[in-house]
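Novice: Got a sequence here, can you build the structure:
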Amino acid sequence: SFGVSGVSFTLIADLTPHWNKLGPGTFNFDDAANWTPNATPGANTDATFVLDSDVDVILGASSEAKSVNIRNGTIRFVSIGNASLVNQGKVLIDDPLAAGFADGANVILDGTNGTTWNAVLALEVGDVGFGKFTIRNGADLDARQILIGNNAGGHGELVVSDPDSRVNATSDPITNGSLAIRAGASGGTGMISVLNGATITTAAGGSILLGDGSLANGSLRVDGANSLAQTSDIKIGQGGAGQLDILNGGTVDQTSLGPGIAEVALNDQAADPGTGAVTVTGDGSEWTFASGNFGVTGTAFVSVESGG
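Specialist: As a prediction, this is how the structure comes out:
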């Protein structure tokens, strides 16, 4: 505390744990020496990473933090045996000062030896800057909502890269609304890729939105045999520009988890009617839904070719 002209002030230190190993190297998440102040995050404390280079972070059997904020550099979360990172808050992967993905915030969840991440509230990638998140080698991610390229200036990318890698948006439509996964909103740009037999799903009755709002750009690419995106409803180009590509034996299944409504370039706000495009191509590529609305208020393009 200190005083000026009879007024007393108290300075309160920032006690949010900040990762202090700027890289490169391999370090343990649960080692207090790797955090400032000298204490590991817990269920009621947030964790912040600001990196200069590439860092490998070894997770423990039950590593945890309330929220995780990753601002720049490249961080790879790894396991030496059935490890997990659990959050009760939000995970933000975003570098608002980056000029592009090359110097943005880049996170890899590596499932070698078994790695899971439960981001209970929401995963946000590329909120107002650049961010990329890759799930690979059989890693699992669970988040209530997944928001990629969520605001003006935001550029986000989510890649689920190989067999046994899985992303699950767990939002319960009854209590939290139907929105589970969104790429591109409010002028942001979001890209989601499900590749080589990977899976992305929502809860029953959940929805995926691509290009939500004026000037937004959102895309979902499901590419390769056994690659699967599974949800109830999909909205493509709802006021913005949306793109769905189902390639080389990929599948988008809207009939197993709910009503199965596909909307392409359909928006109640006539001022921003939206543009939606869908391509289904390659042997075994499949898009199943129960009912569809195409180009009712905007412009829709649908192409099915080459065995799709």
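
Novice: low-confidence ranges in this protein?
Specialist: Counting by pLDDT under 70, the chain has low-confidence residues at 1-15, 174-176, 267-271.

Novice: Unless I'm misreading it, Val91 sits right up against Ala143, doesn't it?
Specialist: Yes: applying CB atoms under 8 Å, one finds Val91 in contact with Ala143, separated by 7.2 Å. Where C-beta positions appear, they are placed from N, C-alpha and C, glycine not excepted.

Novice: what's the overlap in contacts for those two?
Specialist: Common neighbours of Val91 and Ala143 (criterion: CB atoms under 8 Å, 6 or more residues apart in numbering): 119, 122-123.

Novice: Compare the residues you listed and tell me which is most surrounded.
Specialist: Leu123 (27 neighbours; other CB atoms under 10 Å).

Novice: who are the neighbours in contact with the closest residue to it other than its chain neighbours?
Specialist: Distances taken as CB to CB, 6 or more residues apart in numbering place Ala143 nearest to Leu123, at 4.1 Å, with adjacent residues excluded. Applying CB under 8 Å, 6+ apart to Ala143 gives the contacts 91, 118-123, 167-170.

Novice: I'd like to know which of those residues are buried.
Specialist: 91, 118-120, 122-123, 167-170 (16 or more other CB atoms under 10 Å).

Novice: So which of the contacts of Ala143 are in strands?
Specialist: The members of those that map onto strands under DSSP state E are 91, 118-123, 167-169.

Novice: Of these, which pair is most distant in space?
Specialist: Leu121 and Val167 (15.5 Å; CB to CB).

Novice: ok, so of the contacts of Ala143, who is nearest Ile181?
Specialist: After measuring the contacts of Ala143 against Ile181 - CB to CB - the closest member comes out as Ala169, at 5.0 Å.

Novice: Dig out what the closest one forms beta bridges with.
Specialist: On the basis of DSSP bridges, Ala169 is bridged to Ala143, Thr202.

Novice: Thr201 is in contact with that one, correct?
Specialist: Yes: if you go by CB under 8 Å, Ala169 and Thr201 touch, sitting 7.1 Å apart.

Novice: Ala33: what secondary structure?
Specialist: Of the three states, Ala33 takes helix under DSSP: H, G, I helix; E, B strand; the rest coil.

Novice: Give me the neighbour count for it.
Specialist: Ala33: 12 surrounding residues under other CB under 10 Å.

Novice: ditto for the one 3 residues further on
Specialist: Residue neighbour count, defined by other CB under 10 Å, stands at 15 for Thr36.

Novice: what's the closest non-adjacent residue to it?
Specialist: Asn20 (4.6 Å).

Novice: The stretch 51-200 of the chain: strands as residue ranges?
Specialist: Using DSSP state E, counting those that start in this stretch, the strands of the stretch 51-200 of the chain run over residues 63-65, 68-79, 83-87, 90-93, 105-110, 115-125, 130-136, 140-148, 155-160, 166-169, 179-185, 189-195, 199-202.
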